[in-house]
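K.L.:
give the three-dimensional model of this entry:
(4 chains)
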Protein chains: 2
Amino acid sequence: MKSEHIPKATIGRLAVYIQVLENLLRDGNDVISSEKLARACSVNSSQIRKDLAYFGEFGVRGVGYYVQELITSIKQSLGIDRVWKCALIGVGNMGTALLRHHDFGRRGFQICAAFDCDPDKIGLEFEGMEIVCPTHLKEQAPELNLEIGIIATPPDRAQRAANHLVDANIRGIINFAPSRINVPPHIPVEYVDFFDHLYAIAFQITLGSD
Amino acid sequence: MKSEHIPKATIGRLAVYIQVLENLLRDGNDVISSEKLARACSVNSSQIRKDLAYFGEFGVRGVGYYVQELITSIKQSLGIDRVWKCALIGVGNMGTALLRHHDFGRRGFQICAAFDCDPDKIGLEFEGMEIVCPTHLKEQAPELNLEIGIIATPPDRAQRAANHLVDANIRGIINFAPSRINVPPHIPVEYVDFFDHLYAIAFQITLGSD
DNA sequence: TTTTTCTTGTTAAAAAATTCACATATTTGA
DNA sequence: TCAAATATGTGAATTTTTTAACAAGAAAAA
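P.N.:
Numbering: from 1, shown residues only, chains lettered A, B, ... in the order given. Sure thing, here's the model as predicted:
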């Protein structure tokens, strides 16, 4: 099929498929049908086949999908079959946790530089990285090949951080600060706030009990 | 209107509205129109009015919405106008970061108990809390009034953690471990994995550059 | 070989979510 | 007091997403 527009929800589900497929592989499953994968992911099996069809034909009729092969194909489709170098801005609570979170590297997202405007933090070494003033972003970004910016500042500093990133020609931004930012339309932005999920749980519990 | 079924996406957007409204309030805005709020949230203004209409009529025609009042109304609608007591299972990298993340308390989600099955960790004190074996969950949950379980274990321990939570009559679960869990259908589960967002960014960058 | 059993990829149908458009209500200014 | 301007709430139209259904391809059984 190889379609033009791909629903955002599809991308989210592909991430789930990878997660489940990797666990399946670890448990020794070499082949899986869309039906079984669907059950493991709590989705409809047509959904899976349709999601995959946006990117190509990865299965074998009458057989199913070869797990390892499918993982590779999905990663290729998403563009995560390579290393992405990231710049972190804001080495506070959240920023520190992200630096320490070694899954980043393991999953292909390398945090290669850390920035903070707090004079008390500048110069400190952290996980083998020196904390630098964000004004140096513009010169360091091309040197280090930084492509993705991670904002983990307080909310009122997020826009300034975004400006630095845009100015340094970063290609995409992920914002952990609880505030919206404005950037040119060609730069994708994703907002991460796990309180969204806590709200969703609270809401569902509340809804269910009345 | 006060409708029956509420789209999941609506809940997600309500969380965004709260975030933006709180920033607006801090900047001294007392009243706002759906049109302006929409621009700040990058959504359609009808979308906002419709989202709110699921829960009631919060605006004034010809005027707009009183910001503080709207924040309160949305929080009430979501059931986050009170404190939710949470149990954390898994005090590793992620768990530790969550315990240290003081926004939890500030936003109404109090982590009141921390569990881990690692004998080296049991008994240690952390942020004023003693780490306890998950087998004690069942007795502590009713004592402490724990309602939400937070799983932050390695993926292969997530299901066991979920079982403990279900057994302790927890009402909802948020799972930070990168694996799916099975629980009875009346217990809402939310999965948090910010790599989803990194994947989305990587995908959009890749898509845009070819 | 041929038939039966599986399971994919895809088209068509159904369901759901979003956006439009406007009647309705409020305020401001003449 | 009336007209003009503003902005909500909502039914209708549109768009998007999801699900169902099935033809086509591959393996296993007869």
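K.L.:
can you pull the residues of chain A lying near DNA strand C?
P.N.:
A:1, A:32-35, A:45-46, A:49-50, A:52-53, A:57-65 (C-beta under 7 Å from any atom of the strand). No exception for glycine: its C-beta is placed from N, CA and C like everyone else's.
K.L.:
so where is chain A shaky, pLDDT-wise?
P.N.:
A:1-3, A:210 (pLDDT under 70).
K.L.:
which residues in it form helices?
P.N.:
Using DSSP state H, the helices of chain A run over residues A:8-26, A:34-41, A:45-53, A:67-78, A:93-100, A:103-106, A:137-144, A:158-167, A:195-208.
K.L.:
so can I have TSV of the ones you listed showing distance to DNA strand D and mean neighbour count?
P.N.:
Output for those, formatted as TSV (distance: least, C-beta to the nearest atom of the strand, whole Å; neighbours: other C-beta atoms under 10 Å in any protein chain shown):
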stretch	distance to DNA strand D	mean neighbour count
helix A:8-26	4	18
helix A:34-41	9	17
helix A:45-53	4	17
helix A:67-78	13	18
helix A:93-100	29	19
helix A:103-106	27	14
helix A:137-144	32	15
helix A:158-167	24	21
helix A:195-208	16	21
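K.L.:
and these: which comes nearest B:His197?
P.N.:
Across the helices of chain A, B:His197 has its closest neighbour in helix A:8-26 (9.0 Å, C-beta to C-beta).
K.L.:
list the contacts for the closest residue to A:Phe203 other than its chain neighbours?
P.N.:
Counting by C-beta to C-beta, 6 or more residues apart in numbering or on different chains, A:Phe203 lies nearest to B:Leu78, which is 4.8 Å off, once chain neighbours are set aside. When contacts are counted by C-beta atoms under 8 Å, 6 or more residues apart in numbering or on different chains, B:Leu78 touches A:Tyr199, A:Ala202, A:Phe203, A:Thr206, B:Ile11, B:Leu14, B:Ala15.
K.L.:
residue contacts, the third one?
P.N.:
If a contact means C-beta under 8 Å, 6+ apart, then A:Phe203 has B:Ile11, B:Ser77, B:Leu78, B:Gly79, B:Ile80 as its contacts.
K.L.:
hmm, A:Tyr199 and the last one touching each other?
P.N.:
Put plainly, it is B:Ile80. Yes. At 5.7 Å, B:Ile80 and A:Tyr199 qualify as touching, with contact defined as C-beta atoms under 8 Å.
K.L.:
and the residue of chain A nearest DNA strand D?
P.N.:
Of all residues in chain A, A:Gly62 sits closest to DNA strand D, at 2.6 Å by C-beta to the nearest atom of the strand.
K.L.:
gap between that residue and chain B?
P.N.:
From A:Gly62 across to chain B, the span is 27 Å (C-beta to the nearest C-beta, to the nearest Å).
K.L.:
and that residue, how many neighbours does it have?
P.N.:
6 (other C-beta atoms under 10 Å in any protein chain shown).
K.L.:
may I have the phi/psi pair for A:Arg180?
P.N.:
When read as degrees, to the nearest 10, the backbone of A:Arg180 gives phi -80, psi 150.
K.L.:
list the residues that contact the residue nearest to the spatial centre of chain A.
P.N.:
Taking C-alpha atoms, centre = their mean, the centroid of chain A lies closest to A:Ile174, which sits 7.8 Å from it. Taking C-beta under 8 Å, 6+ apart, we find A:Ile174 in contact with A:Ile148, A:Gly149, A:Ile150, A:Ile151, A:Val189, A:Glu190, A:Tyr191, A:Val192, B:Phe194, B:His197, B:Leu198, B:Ile201.
K.L.:
touching, A:Gly172 and A:Ile151? I think so.
P.N.:
No. With contacts counted by C-beta under 8 Å, A:Gly172 stays clear of A:Ile151, the gap being 11.5 Å.
K.L.:
higher neighbour count, those two?
P.N.:
A:Ile151 (30 against 27).
K.L.:
who is the more buried one paired with across the strands?
P.N.:
A:Ile89, A:Asn175 (DSSP bridges).
K.L.:
gap between it and A:Leu98?
P.N.:
In this view, A:Ile151 and A:Leu98 are 11 Å apart by C-beta to C-beta, to the nearest Å.
K.L.:
give the residues shared as contacts by these two.
P.N.:
Common neighbours of A:Ile151 and A:Leu98 (C-beta under 8 Å, 6+ apart) are A:Phe176.
K.L.:
my guess is A:Ala97 contacts B:Asp103. True?
P.N.:
No. The pair A:Ala97 / B:Asp103 is not scored as a contact, 12.0 Å apart, by C-beta under 8 Å.
K.L.:
which neighbours do those two share?
P.N.:
With C-beta under 8 Å, 6+ apart applied, the contact sets of A:Ala97 and B:Asp103 do not overlap.
K.L.:
quick one on the thing from earlier: and the residue of chain A closest to DNA strand D, its phi and psi?
P.N.:
The phi and psi values for A:Gly62, taken as degrees, to the nearest 10, are phi 80, psi -10.
K.L.:
for A:Val60, which non-adjacent residue is closest in space?
P.N.:
Excluding the flanking residues, the one nearest A:Val60 by C-beta to C-beta, 6+ apart is A:Tyr66, at 7.6 Å.
K.L.:
any idea what the one you found is bridged to?
P.N.:
Beta-bridge partners, per DSSP bridges, of A:Tyr66: A:Val31.
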